[in-house]
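> Predicted model follows, preceded by the sequence.
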Amino acid sequence: MDDESGLVQVEIFGQTYNLRGRGDAGYLRALAAHVDGRMREISEATRTVDTLKLAVLTALNIADECFQLRRDRGEGAQREWSEKAGQFADMLDRFLKEEER
C-alpha cells in the first residue's frame, strides 16, 4: 500500500479517491484505471455530463461484462462436462462390448 494506513490514492474521472484494501496496491490502481477508462469511453459515446449518471452507466456496463463472462464460462464448462461425459460413455460402451466377447 502507499502508506502505513493501507490507503492508496487513485484518480477516477478527475476525482481523487483514497482507497483502502487488502493486498496489492497495484491491483487497486488497475481497478481504478479500468473504471476511469470505461467512464471516459462512455462519456465520449453518450456525451453525458452528469457524473452520477455517467458512474451508473459505467457500473451497468462493467456489470454486463461480468455477467457475460460468467455466462460464457458457465456455458463453456457445461460443454466441457458434456463432452467428457460423452467420452466416458463411449469408453464404457467399448469396454462392455469387449467384455461380451
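Noted; the coordinates are in hand. Numbers count the residues shown, from 1 in each chain.

> Could you measure from A85 over to D64?
Going from A85 to D64 by Cβ to Cβ, to the nearest Å gives 31 Å. (Glycine included, C-beta is placed from N, CA and C.)

> Please read the previous query as pertaining to A33.
From A33 to D64 the distance is 19 Å (Cβ to Cβ).

> Compare the two and say which is more crowded by neighbours.
The neighbour comparison of A33 against D64 (other Cβ atoms under 10 Å) goes to A33, with 13 against 10.

> Can you tell me the element the nearest residue to that one once chain neighbours are set aside falls in?
Counting by Cβ to Cβ, 6 or more residues apart in numbering, A33 lies nearest to V10, which is 7.8 Å off, once chain neighbours are set aside. Taking DSSP states H and E as the definition, V10 sits inside strand 7-12.

> Output the contacting helices and strands for that strand.
strand 15-20, helix 25-46 (3 or more Cβ pairs under 8 Å, 6 or more residues apart in numbering; DSSP states H and E).

> quick one, the one helix or strand in the chain whose mean pLDDT sits lowest and strand 7-12 angle?
Within the chain, no helix or strand scores below helix 51-100, which has a mean of 79 by mean pLDDT, DSSP states H and E. Counting by axes from the mean of the first three to the mean of the last three Cα atoms, to 10 degrees, helix 51-100 points 100 degrees away from the direction of strand 7-12.
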